[in-house]
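sequence and computational prediction follow.
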Amino acid sequence: MNLLVIGGGGREHAIVRKLKENPEVETIYCLPGNGGIAADAVCVADIGAKDIPAQVAFAKSHDIDFAVVAPDDPLVLGAVDALEVGTNAFSCETNWQNVPLWHTSGAALSGVLGSLNISPALTESRVTDTSSSSSDSESGTLLSVPNLLPMQENGKLPDADASDAMSVLVQFDAQNATGFSYDADSKTYRMLHADGTPQLDANNGQQADFDNLLILFSASTLRDDGVTLDYDLTMGGGVWLNEGHLWNITWTQGSETTFFLYDSNGRPLTLTAGRSYLALVSSLTGQELTVQNSTGENLL
């Protein structure tokens, strides 16, 4: 049995030493641990107590059977639920540290969330005063969150900056890329692995396809785990692709929607409603993105 202890203090050391007494325990890992704990467990100093995504990846890649989250901060951040959901609802064909290749489905998530009594609905406590009834104060209201992107069913689009945008490749790093090929019959961009094979939708087994591709350029910094990135979400550039056309855009944080979008002339831009793929790439100029026309000419 492989165990994981989150934390790096005296309390965690005491937990590790007690767990070590169980003869069924093969290996105890401690994130991040300390010099004293290293005498009784395998410490991984690069993964902090509050770095929950890295903890989930570590638990999956090291076949952790049981995890103990001792410090208060990761408990408040939901580390226990994250570890449970991450290790049971997500899967990957290769290495769990290969983050872009993690995938799940609505059915897998619903099953795990249900077993934890976690509702997928976003709720917030109703704010009441002293005159409110007890039933009102104990109930919740559905949390209204803004749409991610500004969209409309119909409307005149600005002139595209390029047409015949047939092939798209987003190169996230040297090993990971996602591609798209425009299908004129369905008027959608069909999703591809880096090797050109179809990426399938886990919910229906069909090749994933999208009406809108939105690639946003953003400055980023590498986190302490050396793998994941923090993005500056204040503003940036990018491109939007729809029905074989390409628009150069800029974006900022929004209020009515998560993002405000603008065309190349600085006018507010509203996307055509439909299935949308959104990716953040970690540069201001978008060198990770390649868009080609039907003759193989680069459009960017």
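Looks like it came in fine.

phi, psi of the residue lying closest to Asp201 once chain neighbours are set aside?
Of all residues not flanking Asp201 in the chain, Ala208 sits nearest, at 4.4 Å (Cβ to Cβ, 6 or more residues apart in numbering). In this view, the C-beta of every residue, glycine as well, is placed from N, C-alpha and C. Note on Ala208: its backbone torsions stand at phi -70, psi 140 [degrees, to the nearest 10].

Ala208 reaches Gln199, doesn't it?
Yes: with contact taken as Cβ atoms under 8 Å, Ala208 and Gln199 are classed as touching, separated by 5.3 Å.

can you give me the helices for the chain?
Per DSSP state H, the chain has helices spanning 10-19, 52-61, 72-76, 79-89, 106-115, 134-138. These are given in chain order.

what do Ala208 and Gln199 both touch?
Taking Cβ atoms under 8 Å, 6 or more residues apart in numbering as the contact definition, Ala208 and Gln199 share the neighbouring residues Met191.

let me see the backbone angles for Thr258.
Thr258 adopts backbone torsions of phi -60, psi -40, taken as degrees, to the nearest 10.

for burial, what's the neighbour tally of it?
Using other Cβ atoms under 10 Å, Thr258 has 16 neighbouring residues.

got it, and the one 4 residues further on?
In terms of burial, Tyr262 registers 16 neighbours under the definition other Cβ under 10 Å.

do you know how far the nearest residue to it once chain neighbours are set aside is from Asn212?
The shortest distance from Tyr262 to any residue other than its chain neighbours is 4.8 Å, reached at Thr250 (Cβ to Cβ, 6+ apart). Distance, Thr250 to Asn212, using Cβ to Cβ, to the nearest Å: 17 Å.

likewise Ser276?
Computed as Cβ to Cβ, the Ser276 to Asn212 distance reads 4 Å.

neighbour-wise, which of these two wins?
Here Ser276 and Asn212 are compared on neighbour count by other Cβ under 10 Å; more neighbours surround Asn212, at 20 against 17.

wait, doesn't that one sit right on Leu271?
Yes: in this structure, Asn212 sits in contact with Leu271. The criterion is Cβ under 8 Å, and the distance is 5.5 Å.

if we can go back for a sec, partner residues bridging the residue nearest to Tyr262?
Beta-bridge pairing of Thr250 under DSSP bridges involves Gly237, Tyr262.

ok, how many other residues are close to it?
Close neighbours of Thr250, defined as other Cβ under 10 Å, add up to 17.

which residues does it contact?
Counting by Cβ under 8 Å, 6+ apart, Thr250 has contacts Met235, Gly236, Gly237, Gly238, Leu261, Tyr262, Gly266.

about what we covered before: with neighbour numbers in mind, choose between Ala208 and Gln199.
The residue with the greater number of neighbours, taking Ala208 and Gln199 and applying other Cβ under 10 Å, is Ala208; the counts read 20 against 17.

measure that one to His245 for me?
20 Å.

now swap in Gly9 and tell me
57 Å.

of the contacts of Thr250, which is the nearest to Leu3?
Top of the list for closeness to Leu3, among these and by Cβ to Cβ, is Gly236 at 42.5 Å.
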